[in-house]
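Undergrad: Sharing a sequence plus its predicted fold:
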Amino acid sequence: MISVDQAPTDRAVLAGALMLIEQALEFSRDLGGEVASAVERAVEQPLPEDVLHGLATRILVILRNSGVDPTPEDRARLAREVKDEAVKVVQALPSAASSSTSDDSEPDRETTPARIQLVARYGVQPGPVRPVPTFKGVPVAMQEGYVDISTINLWKGNHRVELYVEEFQDTHHREPDDHEVIAILQGEMSLNSLAKGDPFEVVPLAKSIASKGVERPPILTADGEPKDGNRRIAAARYVLSNPKAFSAQEQERARWVKVWVAPPGTSEDQIEAIVIALNFEHDHKQKWEEYVKARLVVGRYRSLRDGMLGRPSPSHDRAIKQQVADFFAIETGDVSRYLNMVRWAEDFEAYHVEDGGKDQALVRHRANDIFQWFYEIQAGRGADKLTHKLDADEDLKKVVYDLMYDVLDSGAEVRNLHKVIADEPSLKLLTQAHEEATTNVGEARKLVTAAIAEAAKNTPTKKVGFQQFLKTAVDRLGGAAPNSWQTVDTDLLKELRRVLPAALGIIAGELESRDVPVAQDLT
């Protein structure tokens, strides 16, 4: 049994206490684990004085009572008895002032040592990560806490940016400094391969972080080098560097980031296990279906809108969309897009359930499967939009919705339907496809393909293009000098001789259909 008559005087004694606790057979297993956990915290993490005082008092109370749960009166008496001993423990331990418990504390940038300093934030105290994380079967004991992300630089050896770092070295004949590595990841460095403005999509991530904070803790070495989370760090720092784009509240949310810190002496094998596990191994997390996300977005929009008196003005509607966008960390354009898509998805479901008598669950699953089609269905302009025609023509809606349920194969087909319904021969083929679908889906699909091809052939832009080609051909041929033909390739002259008589015959027939006299020698 551990004697408490002589209080511990340093962390080495506390570490020894842990070993003695494990050997103390008179402690119950549960109580021994509780004491061990408490001592581990004192050994592994520099604690603020008030926290350490309470911890030491608790340890000594547990030890003094040898596992007997005292009454409240006995506990108070025992606490008084060991108070002096606990104070001795606190006074004997090194100062932990650098790990402030204040939520408003900031590390002193002038005096911050190389080792990362964790602080408390949002009610979370620095301490060991529990349970101990395992990477590729390798356990790595870590501490967690908050850091000011502006004090953390990126890892230059990060495989995500190593090609760009090598390009920088080839261009400038030196390694990039910390600020330049940040600029590379944010797409702000002038390199040939960074022609795309935001190659790592830091800006959308930054907007998400401004709204929700960094959700997955970056993993740092004891010296503050991030082995995982470089892109999250770059995005958080992007928020801090753009005060005009982000509010003070959003910047504060991005500034303080919970991190996991590997202990000093972490081996290269352990670091490699961390990097590989977090970047190569699939976490088997399935993304939510877009229809699921869209319904949540639309549901929140409708809830906010319905809470207003009367129909919202355009400015109020924009404000509601902005609120929804901020809540889900998306763009207002995404909110508008989801509103339109869900509107047509719901109309599709209502038709098949109420008019078609189909099972609601099956219809909803089909709407989920083809949800992107409800964006494609809005193709076209003005009165030519398919959705405009569907609103005005219930018979056409029946054709389109039935084909979408059973026949159509892709969003590209849906996107072309507005051209089909604008062309009479194509629309006739589409109607035939609808009729055929009840008995022969394969034949119906062929008819849909034919309708789309016919519409593409007859589209006004194609007509204009062909007419412009003929006008250019007439101008060029009519103005060609006789000797111009001498330079034309022989095979091309043979092709012209072959196709021109047929073209002249078609021209003669078209003119006759328009009651235009045609000279006998034209053909």
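TA: Thanks, I have the structure now. All of these numbers come straight from a predicted model, not from anything done at the bench.
Undergrad: list the helices and strands whichever strand or helix holds Asp395 packs on?
TA: Assessed by DSSP states H and E, Asp395 sits inside helix 394-406. Under the contact definition 3 or more CB pairs under 8 Å, 6 or more residues apart in numbering; DSSP states H and E, helix 394-406 sits against helix 386-392, helix 424-436, helix 441-458. For glycine as for every other residue, the C-beta is placed from the backbone atoms N, C-alpha and C.
Undergrad: one more time with 10 Å
TA: helix 332-350, helix 360-369, helix 386-392, helix 411-415, helix 417-421, helix 424-436, helix 441-458 (3 or more CB pairs under 10 Å, 6 or more residues apart in numbering; DSSP states H and E).
Undergrad: report the angle between the axes of it and helix 360-369?
TA: Counting by axes from the mean of the first three to the mean of the last three CA atoms, to 10 degrees, helix 394-406 lies at 80 degrees to helix 360-369.
Undergrad: wait, which of the helices and strands packed on helix 394-406 is closest to Ser303?
TA: Nearest to Ser303, of all the helices and strands packed on helix 394-406, is helix 332-350, at 13.1 Å by CB to CB.
Undergrad: which of the residues in the closest one are buried?
TA: Using 16 or more other CB atoms under 10 Å as the test for burial, helix 332-350 gives 332, 334-335, 337-342, 344-345, 347-349.
Undergrad: Farthest-apart pair in those, please.
TA: Of all pairs drawn from the buried residues of helix 332-350, the widest gap by CB to CB lies between Thr332 and Glu349 and measures 25.8 Å.
Undergrad: about what we covered before: between the helix holding Asp395 and helix 441-458, how many degrees?
TA: On the basis of the same axes, to 10 degrees, helix 394-406 is oriented at 120 degrees to helix 441-458.
Undergrad: Now do the buried residues in helix 394-406.
TA: Judged by neighbour count (16+ other CB under 10 Å), helix 394-406 contains these buried residues: 396-397, 399-405.
Undergrad: what about the strands in the stretch 201-350 of the chain?
TA: For the stretch 201-350 of the chain, applying DSSP state E, counting those that start in this stretch gives strands covering 219-220, 226-228, 256-261.
Undergrad: Give me the mean pLDDT for stretch 378-395.
TA: Averaging pLDDT along stretch 378-395 gives 87.
Undergrad: Any idea how far apart the tips of that stretch sit?
TA: 18 Å (CA to CA, to the nearest Å).
Undergrad: Val129: neighbour count?
TA: Counted with other CB atoms under 10 Å, the neighbours of Val129 add up to 15.
Undergrad: Check the chain for its longest helix and report it.
TA: Longest helix of the chain, by residue count under DSSP state H: helix 490-513.
Undergrad: which outside residues touch stretch 343-353?
TA: Contact with stretch 343-353 is made by 291, 294-295, 298, 338, 356, 358-364, 366-368, 370-371, 373-375, 377-378, 386-387, 390-391, 394, 397-398, 400-402, 404-405, as judged by CB atoms under 10 Å, 6 or more residues apart in numbering.
Undergrad: how about 6 Å then?
TA: 358, 360, 363, 367, 374, 377, 401 (CB atoms under 6 Å, 6 or more residues apart in numbering).
Undergrad: quick one on the thing from earlier: can you put the buried residues of helix 394-406 in JSON lines and add distance to Gln117?
TA: Formatted as JSON lines, the buried residues of helix 394-406 follow (distance: CB to CB, whole Å):
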{"residue": "Leu396", "distance to Gln117": "67"}
{"residue": "Lys397", "distance to Gln117": "64"}
{"residue": "Val399", "distance to Gln117": "68"}
{"residue": "Val400", "distance to Gln117": "63"}
{"residue": "Tyr401", "distance to Gln117": "62"}
{"residue": "Asp402", "distance to Gln117": "65"}
{"residue": "Leu403", "distance to Gln117": "64"}
{"residue": "Met404", "distance to Gln117": "59"}
{"residue": "Tyr405", "distance to Gln117": "60"}
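Undergrad: Between those residues, which sits nearest Val414?
TA: Met404 (6.8 Å).
Undergrad: For Trp256, give me the pLDDT.
TA: At Trp256, the model reports a pLDDT of 92.
Undergrad: same question, Val202
TA: Note on Val202: pLDDT of 81.
Undergrad: how near is it to Gly229?
TA: Using CB to CB, to the nearest Å, Val202 is found at 13 Å from Gly229.
Undergrad: Could you do Asp402 as well?
TA: When distance is defined by CB to CB, Asp402 is 50 Å away from Gly229.
Undergrad: and what of Val129?
TA: According to CB to CB, Val129 and Gly229 sit 15 Å apart.
Undergrad: same thing with Gly380?
TA: According to CB to CB, Gly380 stands 44 Å off from Gly229.
Undergrad: same deal with Arg237?
TA: 12 Å.
Undergrad: try Arg343
TA: 39 Å.
Undergrad: what's the neighbour count on the nearest residue to Tyr301 once chain neighbours are set aside?
TA: Residue nearest to Tyr301 in three dimensions, not counting chain neighbours: Val324, with 4.9 Å by CB to CB, 6 or more residues apart in numbering. Neighbours of Val324 under the rule other CB under 10 Å: 25.
Undergrad: thought Val324 was touching Ser303?
TA: No - the criterion here is CB atoms under 6 Å, and Val324 misses it with Ser303 at 9.4 Å.
Undergrad: quick check: domain ranges of this structure?
TA: Domains of the chain are assigned by automatic domain parsing as 11-92, 127-279, 290-460, 480-523.
Undergrad: Let's have these in CSV, adding distance to Thr472.
TA: Listed next are the domains of the chain as CSV, based on distance: least, CB to CB, whole Å:
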stretch, distance to Thr472
domain 11-92, 80
domain 127-279, 36
domain 290-460, 19
domain 480-523, 12
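Undergrad: rank these by mean pLDDT and give me the bottom one.
TA: With a mean of 51, domain 11-92 has the lowest mean pLDDT of those.
Undergrad: picking up where we left off before, tell me who's in contact with the residue nearest to Tyr301.
TA: Contact analysis of Val324 by CB under 6 Å, 6+ apart lists 300-301, 335.
Undergrad: same question, Gly224
TA: Going by CB under 6 Å, 6+ apart, Gly224 touches 116, 152.
Undergrad: do the one 3 residues further on as well
TA: Taking CB under 6 Å, 6+ apart as the definition of contact, the neighbours of Lys227 are 219, 271, 274-275.
Undergrad: can you put those in TSV and add neighbour count and distance to Asn242?
TA: Putting these into TSV (neighbours: other CB atoms under 10 Å; distance: CB to CB, whole Å) gives the following:
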residue	neighbour count	distance to Asn242
Ile219	22	26
Ile271	19	32
Ile274	23	30
Val275	19	29
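Undergrad: Pro314: which of the residues you listed is nearest?
TA: Among the contacts of Lys227, Ile219 lies closest to Pro314 (CB to CB), at 46.6 Å.
Undergrad: pretty sure the closest one is touching Trp260, no?
TA: Yes - using CB under 6 Å, Ile219 is in contact with Trp260, at 4.9 Å.
Undergrad: Skipping adjacent residues, who's closest to Glu443 in space?
TA: Leaving aside its sequence neighbours, Glu443 sits nearest to Glu436 (CB to CB, 6+ apart; 4.9 Å).
Undergrad: For the one you found, grab the count of nearby residues.
TA: Other residues within reach of Glu436, judged by other CB under 10 Å, total 18.
Undergrad: Look up how far Ile274 lies from it.
TA: Glu436 is 59 Å from Ile274, by CB to CB.
Undergrad: Same check on Leu339?
TA: Distance of Leu339 to Ile274, computed by CB to CB: 42 Å.
Undergrad: Kindly report the same for Asp355.
TA: Using CB to CB, Asp355 is found at 57 Å from Ile274.
Undergrad: do Ser426 as well
TA: 59 Å.
Undergrad: Thr171 too?
TA: For Thr171, the distance to Ile274 equals 31 Å [CB to CB].
Undergrad: do Glu252 as well
TA: 29 Å.
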